[in-house]
Each structure stands twice: as structure tokens, then as C-alpha cells.
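Student: Pasted the sequence and its predicted model underneath.
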Amino acid sequence: MISAELLNTKLKEQFPELDFEISEFRDELTLALPANNIVEVCKYLKTNPELEFIMCMDITAIDWSRRKDRFTVVYNIFSFKNNSRLRLKANLKNTDNKIDTVSSVWEAANWHERETFDMYGIEFNGHPDLRRMYLPEDFEYHPLQKDFPLMGIPDSIPLPKKENDR
């Protein structure tokens, strides 16, 4: 298992100017960092021989709705070498809702970023194929945003016709 102290030391050595925060809760590490540093930090976490976070397990987001920085993008990564999970969190500016893609670091991030784009509307700069996964391309809403109505939006998507209606 990777300790918070080891992670803190490694990151301070590599990125002395980086403003980050490491927390630990129930043996789970979380690294909060600025969104504009996500790619370089992810590359380092993957390629450092002592860390080797080689698997991107998931990317999702949190919609805080009323906060100044409305969205937080959350990355869950794993190191087989150390049998350790690490959660990365990056807050997005309320007017921006964009972050650089990490699909160049982990290929699996491609699909996770597409799903996050589809459900939350967060754009991943430089993504090789950023398009919707579940909903039609012309659907203008993002269902996991807090302002999306619980009952959906009537007639926003034409539903398939029943076999008898054809």
C-alpha cells in the first residue's frame, strides 16, 4: 500500500510549485489538485517506478450545483505493483466546465471521459472522439446535472414505437 507520506514526498519532489492536498480516510487516499495540472500529474503517477498507477478504473464527476466551482472531476486509478487505489479530484471553474483529456495516459480513459461528457456535459480538451454514448448527439441536456428534472423532459427524445403502432 502506498502511504500518504510517500505520495506527498514524491509529488513535492517532482512538482514543487504544485498546490495539492492529500487526504486519507479509511485507508483510501485522495489527491486534490488543480485541473490544469491533471495530465502531467497523471503521467507522473503512471510512470514513476515506485508508484506505477497503470490502470484508470473510472472517471466520473460531482455536480455541486450551488458551489462557485460547480463540477469536480474524479479519477479512480490503481497500482497493481502496490495494490493501491488513488482518487484524484480536480475542481472545474463554473464558467468553463472543461478539462484536458488523460486518454493519452490511459487508453481506458477514452470511454470513461465520453460517459462523463454524456451524463454531465463536461468537455475533455484534446479527446480523440468526444461524442455521446447513451443519448442521441442532438440531445441538448445532460441527465446527471442537478438541474435536470427527475421526471425527465417530456418529448425531448422520441421514444421507439411499439410493434402494434407501426
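Tutor: Received the coordinates, thanks. Numbers count the residues shown, from 1 in each chain.
Student: which element is Met57 on?
Tutor: Here Met57, judged by DSSP states H and E, is contained in strand 55-63.
Student: Mind listing what's buried along that strand?
Tutor: Neighbour counts over strand 55-63 (16 or more other C-beta atoms under 10 Å) mark 56, 59-63 as buried. All C-beta spots, glycine's among them, are computed from the backbone N, C-alpha and C.
Student: residues contacting Asp58?
Tutor: Applying C-beta atoms under 8 Å, 6 or more residues apart in numbering to Asp58 gives the contacts 74-76, 112.
Student: For the residues you listed, pick the one with the most neighbours.
Tutor: Of all the contacts of Asp58, Tyr75 has the most neighbours under the rule other C-beta atoms under 10 Å, reaching 26 neighbours.
Student: Could you look up the SS state of it?
Tutor: Under DSSP: H, G, I helix; E, B strand; the rest coil, Tyr75 falls in the strand class.
Student: swap in Val41?
Tutor: Strictly by three-state DSSP, Val41 counts as helix.
Student: Show the contacting residues for Val73.
Tutor: Per C-beta under 8 Å, 6+ apart, neighbours of Val73: 35, 38, 59-61, 89-90, 92, 99, 116, 122.
Student: Show me these that map onto strands.
Tutor: In this view, those that belong to strands under DSSP state E are 59-61, 89-90, 99.
Student: Need these in CSV (columns: pLDDT and distance to Ala4).
Tutor: What follows is the ones in strands among the contacts of Val73, written out as CSV (pLDDT from 0 to 100; distance: C-beta to C-beta, whole Å):
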residue, pLDDT, distance to Ala4
Ile59, 98, 22
Thr60, 97, 23
Ala61, 97, 24
Lys89, 98, 15
Ala90, 96, 18
Ile99, 96, 24
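Student: low-scoring pLDDT stretches of this protein, where are they?
Tutor: 94-95, 149-152, 154-155, 157-160, 164-166 (pLDDT under 70).
Student: quick one: the helices in it?
Tutor: Per DSSP state H, the chain carries helices over the ranges 4-14, 38-47, 109-120.
Student: if we can go back for a sec, so which of the contacts of Val73 wins on neighbours?
Tutor: Ile59 (28 neighbours).
Student: what residues are up against it?
Tutor: Taking C-beta under 8 Å, 6+ apart as the criterion, Ile59 is in contact with 73-76, 102, 109, 112-113, 115-116.
Student: What residues does the nearest residue to it once chain neighbours are set aside make contact with?
Tutor: Spatial nearest neighbour of Ile59, excluding adjacent residues (C-beta to C-beta, 6 or more residues apart in numbering): His112 at 3.6 Å. Taking C-beta under 8 Å, 6+ apart as the contact definition, His112 lies against 56, 58-60.
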